[in-house]
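okay, sequence plus prediction incoming.
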Amino acid sequence: MTVTSGIERPYGSVPELVRAPVGVTASTINYFDIGTTPLTTVTTTIYMASILLPANLPINQIGTLVTVAGTETGFWVALCDAGRVVRAVSANTAAATAGLFNQSVLPTSGVAYVTPFAGLYYAALGTVSTVAPQVGAMSALPSVAAASGPPIYCGTSATAATITPPPVGTTLGVITGVAAAEFYAQTL
């Protein structure tokens, strides 16, 4: 059990930087906690996975571990605060590739989003596809109640994903806890 920022988590939440991929500053789960069953995304769904971040951390990229690229017309990532407000977002891509797939979340100004406080944030993944992309995830939590918190560890947003990522400042819909939705996302 890990306790960070007063939030109890039943699994590791701060990456073991010695074992994390090069350049990773934080992740939703430890890289070596990724299970053998990937998260198979559902088209037009936004997945949300909790991530604990320190204050003053610049976020330039967010990455996922794509295990099967699928056939997508929409694949984007975002960083949301605990209130589900989009703080940094990538452009849409229709070319996700298998492996660690990092996407820039820098705005046109080129200035990284810097976390103003330490605590709970969410990595968001939106997909639109005809053949579902799959991403690395940890084994399912014991129950939906375990995912539903408080705080909510992982789940899906009530907002539908489209090929147009939500603009910075958008509040995504309420998160419904899903026991098997704690996907691996990393910040760089």
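Cool, the structure landed. All of these numbers come straight from a predicted model, not from anything done at the bench.

mind listing residues that contact stretch 149-162?
By Cβ atoms under 8 Å, 6 or more residues apart in numbering, the residues outside stretch 149-162 that reach it are 7, 9, 28, 43-50, 74, 76, 82, 84, 120, 124, 126-128, 141, 146-148, 166, 172-178, 181-183. For glycine as for every other residue, the C-beta is placed from the backbone atoms N, C-alpha and C.

for the protein, which segments are assigned as helices?
Ranges of helices within the chain are 144-148, based on DSSP state H.

just want the most central residue of it.
Centroid-nearest residue in the chain: residue 123, 2.7 Å away (criterion: Cα atoms, centre = their mean).

pLDDT at that residue, what is it?
Listed pLDDT for residue 123 reads 98.

tell me which of the contacts of stretch 149-162 fall in strands.
If you go by DSSP state E, those have 7, 9, 45-50, 74, 76, 120, 124, 126-128, 175-177 in strands.

sorry, back to before: who's the residue nearest to the centre of the chain bridged to?
Counting by DSSP bridges, residue 123 is bridged to residue 49, residue 79.

same thing with residue 134?
Beta bridges link residue 134 to residue 40, residue 68, judged by DSSP bridges.

that one and residue 88: what is the separation?
Going from residue 134 to residue 88 by Cβ to Cβ, to the nearest Å gives 24 Å.

tell me which of the two has more neighbours.
residue 88 (24 against 19; other Cβ atoms under 10 Å).

return the helix or strand in this protein with minimum mean pLDDT.
Lowest by mean pLDDT, DSSP states H and E among the helices and strands of the chain is strand 2-4, with a mean of 45.

that concludes my questions; thank you for your assistance.
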